[in-house]
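[1] pasting the sequence and the predicted coordinates here, then a few questions.
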Amino acid sequence: MRFSIALLTALTLAGTTSAKAVEDRPDSANAIMPGCRASLSNQYNDQLEAMMAGVCVGTVNGLIFEASVLEQMSARLPHAEVFCAPEEVTIDQALRVVVAYIDAHPERMHERFPLLALLALTKAWPCNQ
C-alpha cells in the first residue's frame, strides 16, 4: 500500500505545475479528450482527432497493462498494485471510466491526461488490500 500511495503522490506532484504552464501541453486532457470521445463514437472529424484517439487508447491500454504487471509482481513486491482492473475489462469500458471521471472534473482539464486517467482507473478499480 505504501508503494501505491507513494507512486500516486509522485504522479500527482509531477502533474501539478502552474495552470498557464500546462494549458497548452499536448498531453493535457484538453488536447486528448476529443480523441477519447471520437474513439468511443468511432467518428473522427480530422487526422489530429484520430491521432489523439490513438494517444488516448494507447495511454489507457498502457496503464491497464502496467497495472496487471504490478498485480502479478505483488507476490514478490507486496502492495505494488496501483489499481486492479477486472481481467475481462475491455478498452471501451476503461475509456468510458476515464472519460466520465475527467468530465466530472472539468477544472482539471489543463492537467496531464495520463495522470487523470490513472486517477480514474484507480478510483474505479481499487485493489482490495
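    Received it, and whenever you're ready, just let me know what you need.

[2] which residue packs closest to the spatially most central residue of the chain, ignoring adjacent ones?
    Centroid-nearest residue in the chain, with Cα atoms, centre = their mean: Ala117, separated by 1.7 Å. Counting by Cβ to Cβ, 6 or more residues apart in numbering, the nearest residue to Ala117 once its immediate chain neighbours are dropped is Val98, at 4.7 Å. The C-beta positions use only the backbone N, C-alpha and C, and glycine is treated the same way.

[3] show me what counts as buried in the helix or strand hosting that neighbour.
    Taking DSSP states H and E as the criterion, Val98 maps to helix 91-103. Within helix 91-103, the residues that count as buried by 16 or more other Cβ atoms under 10 Å are Ala94, Leu95, Val97, Val98, Val99, Tyr101, Ile102.

[4] quick one on the thing from earlier: Ala50 versus the residue nearest to Ala117, what's the distance?
    18 Å (Cβ to Cβ, to the nearest Å).

[5] and if you look at Phe65?
    Distance of Phe65 to Ala50, given as Cβ to Cβ: 22 Å.

[6] equivalent analysis for Leu118, please.
    Distance from Leu118 to Ala50, by Cβ to Cβ: 24 Å.

[7] assign a three-state SS to the residue nearest to the centre of the chain, would you?
    helix (DSSP: H, G, I helix; E, B strand; the rest coil).

[8] list the contacts for it?
    Thr59, Val60, Leu63, Val98, Ile102 (Cβ atoms under 8 Å, 6 or more residues apart in numbering).

[9] any chance of the residues you listed in TSV, plus pLDDT and distance to Asn128?
    What follows is these, written out as TSV (pLDDT from 0 to 100; distance: Cβ to Cβ, whole Å):
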residue	pLDDT	distance to Asn128
Thr59	97	25
Val60	97	22
Leu63	94	19
Val98	98	21
Ile102	97	25
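
[10] among those residues, which one lies nearest to Pro126?
    Ranked by distance to Pro126 (Cβ to Cβ), the contacts of Ala117 are led by Leu63 at 14.2 Å.
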